[in-house]
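Visitor: Task: produce atomic coordinates for the following.
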Amino acid sequence: MQFSNSNPTKAEKAMFKNHGLYLTFKDKYIHKYVPVHLNNQKTYPASIDVEDNAFEWNSAVIFDDFTETVTIHTACDKDLIEAISDRMKELNYR
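Guide: Numbers count the residues shown, from 1 in each chain. Now for the predicted structure:
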């Protein structure tokens, strides 16, 4: 499976570095991030091409721009909550 995000924000980089969350879907309102297991999680890749089993599909974090809400399907520590909050600020959620 191939995904790309060639212009990641600071919060997206933090979500990836600390929790492996990578943008797997984006449309007019939805931004979906799913944990992916890569050999090198220190540097944010502009694109990834990995097998389906490298993703934790049931652990998604979904930002909904229409309702300005976040749906979290994973356990969160303080760092992830802060990164999600930072991403909400980048998306101009109230």
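
Visitor: And for the helix or strand hosting Lys13, what's in contact with it?
Guide: Lys13 belongs to helix 10-19 when assigned by DSSP states H and E. Contact with helix 10-19 is made by 5, 8, 21-23, 33, 35, 41-42, 44, 61, 74, 79-80, 82-84, 86-87, 89-90, as judged by C-beta atoms under 8 Å, 6 or more residues apart in numbering. C-beta: built from backbone N, CA, C; applies to glycine.

Visitor: try it again with 10 Å
Guide: Here helix 10-19 makes contact (C-beta atoms under 10 Å, 6 or more residues apart in numbering) with 5, 8-9, 21-23, 31, 33, 35-36, 38, 41-45, 48, 59, 61, 74-77, 79-80, 82-91.

Visitor: Just the buried ones among those residues, please.
Guide: Taking 16 or more other C-beta atoms under 10 Å as the criterion, what is buried in the contacts of helix 10-19 is 5, 8, 21-23, 31, 33, 35-36, 41, 45, 48, 59, 61, 80, 83-84, 86-88.

Visitor: Among the residues you listed, which are located in helices?
Guide: Among the buried ones among the contacts of helix 10-19, the ones falling in helices (DSSP state H) are 80, 83-84, 86-88.

Visitor: nearest spatial neighbour of the residue nearest to the spatial centre of the chain, skipping sequence neighbours?
Guide: Centroid-nearest residue in the chain: Tyr33, 3.2 Å away (criterion: C-alpha atoms, centre = their mean). Leaving out its chain neighbours, the residue that sits closest to Tyr33 by C-beta to C-beta, 6 or more residues apart in numbering is Leu21, at 4.0 Å.

Visitor: Now do the strands in this structure.
Guide: 2-4, 21-26, 30-35, 47-49, 61-64, 69-72 (DSSP state E).

Visitor: Alright, that wraps it up for me.
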